[in-house]
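J.: The sequence and its predicted three-dimensional model are supplied below.
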Number of protein chains: 2
Amino acid sequence: MHIRSRFYLLLLLCLLLTALGLAQAQDPLPSWNDGPAKQAILNFVRTTTDRTGPNFVPPEQRIAAFDQDGTTWVEHPMYTQFVFAFERVVALAQQHPEWKTTLPFQAVLSGDKAAMAKFTNKDLETIMVATHTGMTVEQFHDIVKEWLAKATDARWHRHYTELIYQPMLEVMEYLRANGYRTYIVTGGGQEFVRTYAEQVYGIPPEQVIGTAIAAEYTYNQQGQGILVRPPKLLLNDNFSGKPEDVYLFTGRHSKAAFGNSTGDQQMLEYTQAGGGAPLMMLVLHDDAQREYAYGPAQGLPGTNVGTFTQALYDEAKSRGWFVISMKNDWKRIFAWEK
Amino acid sequence: MHIRSRFYLLLLLCLLLTALGLAQAQDPLPSWNDGPAKQAILNFVRTTTDRTGPNFVPPEQRIAAFDQDGTTWVEHPMYTQFVFAFERVVALAQQHPEWKTTLPFQAVLSGDKAAMAKFTNKDLETIMVATHTGMTVEQFHDIVKEWLAKATDARWHRHYTELIYQPMLEVMEYLRANGYRTYIVTGGGQEFVRTYAEQVYGIPPEQVIGTAIAAEYTYNQQGQGILVRPPKLLLNDNFSGKPEDVYLFTGRHSKAAFGNSTGDQQMLEYTQAGGGAPLMMLVLHDDAQREYAYGPAQGLPGTNVGTFTQALYDEAKSRGWFVISMKNDWKRIFAWEK
């Protein structure tokens, strides 16, 4: 081949590779496989940020709501916050010698998994009150932070804050880059999630809405105002509590909503009821190998407050909500995956 | 005088005037007279935005909280929202013929001011339930908007949204220009204030915290999700409710807090308890000519939920809070004043 031809060929190749590289670098969702779910997200952003289109959403109305457990991080086999509560029971046992012989604490202290699996809501409430109330808001914050820095899960031996779904982090970042304010809207504890949401999701505390223990104003011995946590539930952010509290906090409809269970159903419905071209998505746990498979993918019931039932799956299909298959739609699940 | 000297003199004069003009243009608080209150605001911003100083506040923590009634707009002789409620009673009377003979509605319909002045909390609650609940959140929003567009006050014959204190608007703008997020934290209705806060204060609905009726998720006849207003109080944003709800909404201490009554006392206390170099200010209504004089300035009790008592005045002095004298500190009170 002529030297000059070879030069041009090389140049062409370089240009092609550069173009390819750029295209890849510009993919805002690199952990997503091409498919309807990824396309739905890209379409949603394109449509709602197109000033000339009929479904343009003014920047001040750009709100996207994410459920947490099972949607942005692992919830199986048990909510992380319950793990925290049970480990707090163990940590506090010395101050409560009576717990050794009192249910439900006894079951936790003796590691009786069969008994723990049968805990009633009342049992769980007793444990939540014992571990989540009776301190100042700052003390609770520090307890959670300290626990998260040490605790690891049983399967991957990772910190719980490493069990975040990388594809969802990319969606959050992509939405924010397009003027959306991303909110966590969780059945989990508002203050629990606020301790790490900024660091882990890039979401500031004012954009974390969750089930909330009241913060009660009182005075310390120095006469300074403090906020303490009484055993009083103020907000329950499951089921209808989700759209209710998105409204309480923002006065708006969310334009996009991500969930994975019946606990998120009303939030997705209300997002859709806001009109325009909203985005509603449900994460389906169908990847036993890389994460877990439960819900309609397995014909198994979920283990938690809300579950991904067959009825929810059918509602999603009939309403035009997108179901994200972890197995097919996600190239990788965790940031640390090879 | 020599031509050349005259030229230089003129030039000097021009330069001086320009410099003066610039200095004036740069004053972020032009409706404030020089004095300790204005200095306190300027000092607060300088101190908390100085990266090299010990009291620097990182941008994400910059939150300033403003009470509304009596702090950012006129509350005398009656809260605007009560005026709204009473006028709604009149507007709805045709649909409720029984109100003509039922207290407390009867008193409102017959314009019996003596009886209205003696309304108990129970009476007021009955009227609030009748006028503020039983519709969707959107319907309520529209009702308030329509009323505000028409209603005017008895003294100045202005729309209520024109009875905003210009000096406080300047403080809000100045704080925002320095990275602060400004919040309204009001004993008034959250949804009531959210209908105009953006337009009037430049404050978006997510930064309006107020006394809140629950929004309840349900379905309309088309099976669409809607939020309705049941007769159920969710948040009471007076007294200790203020710091509690600032925390509920933001997870943070406010760094500056503005109020005018005992209803704001706890919010100011908790702001101070956050440490650093916070700013706590109380508006004293001591200007009977341009607005009203009540509270300790007149030895008169306030007329509303919280009042500016002598005890509060003394607490302010002992804690180093700044008392803003409307008469002395404010050059003008309303934007439309000559």
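T.: Nice, I can see it. Numbering: from 1, shown residues only, chains lettered A, B, ... in the order given.

J.: Kindly tell me how buried A:Asp27 is, as a neighbour count.
T.: Residues within reach of A:Asp27, counting by other CB atoms under 10 Å in any protein chain shown, total 14. Any C-beta I mention is one placed from the backbone N, CA and C, and that applies to glycine too.

J.: likewise A:Thr126?
T.: 17.

J.: Can you give me every residue that contacts it?
T.: By CB atoms under 8 Å, 6 or more residues apart in numbering or on different chains, the contact list for A:Thr126 reads A:104-105.

J.: now do 7 Å
T.: Contacts of A:Thr126 were listed using CB atoms under 7 Å, 6 or more residues apart in numbering or on different chains, and they are A:Pro104.

J.: now swap in A:Val57 and tell me
T.: So A:Val57 contacts A:48, A:255, A:276 (CB under 7 Å, 6+ apart).

J.: And for the closest residue to chain B within the stretch 1-150 of chain A, the neighbour number?
T.: In the stretch 1-150 of chain A, no residue comes nearer to chain B than A:Glu60, which is 6.0 Å away by CB to the nearest CB. A:Glu60 has 13 neighbouring residues, counting by other CB under 10 Å.

J.: Also the one 3 residues further on?
T.: Using other CB under 10 Å, the number of residues around A:Ile63 comes to 24.

J.: Wait, it touches A:Arg181, no?
T.: Yes - between A:Ile63 and A:Arg181 there is a contact under CB atoms under 7 Å: 5.5 Å.

J.: list the contacts for the nearest residue in space to A:Tyr219 that is not next to it in sequence?
T.: Once flanking residues are discounted, A:Tyr219 sits nearest to A:Gly225: 6.1 Å by CB to CB, 6 or more residues apart in numbering or on different chains. Residues in contact with A:Gly225 (CB under 7 Å, 6+ apart) are A:217, A:219, B:243, B:266, B:269-270, B:273.

J.: same thing with A:Val171?
T.: Contact partners of A:Val171, counting by CB under 7 Å, 6+ apart, are A:29, A:41.

J.: Flag every buried residue along the host helix or strand of it.
T.: Using DSSP states H and E, A:Val171 maps to helix A:166-177. For helix A:166-177, the neighbour count (16 or more other CB atoms under 10 Å in any protein chain shown) marks A:166-172, A:174-175 as buried.

J.: Quick one: buried ones out of the contacts of A:Val57?
T.: A:48, A:255.

J.: Neighbours of the closest residue to A:Gly134 other than its chain neighbours, how many?
T.: Of all residues not flanking A:Gly134 in the chain, A:Arg229 sits nearest, at 6.6 Å (CB to CB, 6+ apart). Using other CB under 10 Å, A:Arg229 has 20 other residues around it.

J.: so how far is A:Phe86 from A:Arg229?
T.: Between A:Arg229 and A:Phe86 the computed distance is 19 Å (CB to CB, to the nearest Å).

J.: sorry, back to before: from what I can see the residue nearest to A:Gly134 touches A:Gln139, true?
T.: No - if you go by CB under 7 Å, A:Arg229 and A:Gln139 don't touch, sitting 8.5 Å apart.

J.: ok, whichever strand or helix holds A:Ala316 near chain B or not?
T.: Using DSSP H and E, A:Ala316 sits within helix A:310-319. No - using CB under 7 Å from any CB of the partner chain, helix A:310-319 never reaches chain B; the gap is at least 10.3 Å.
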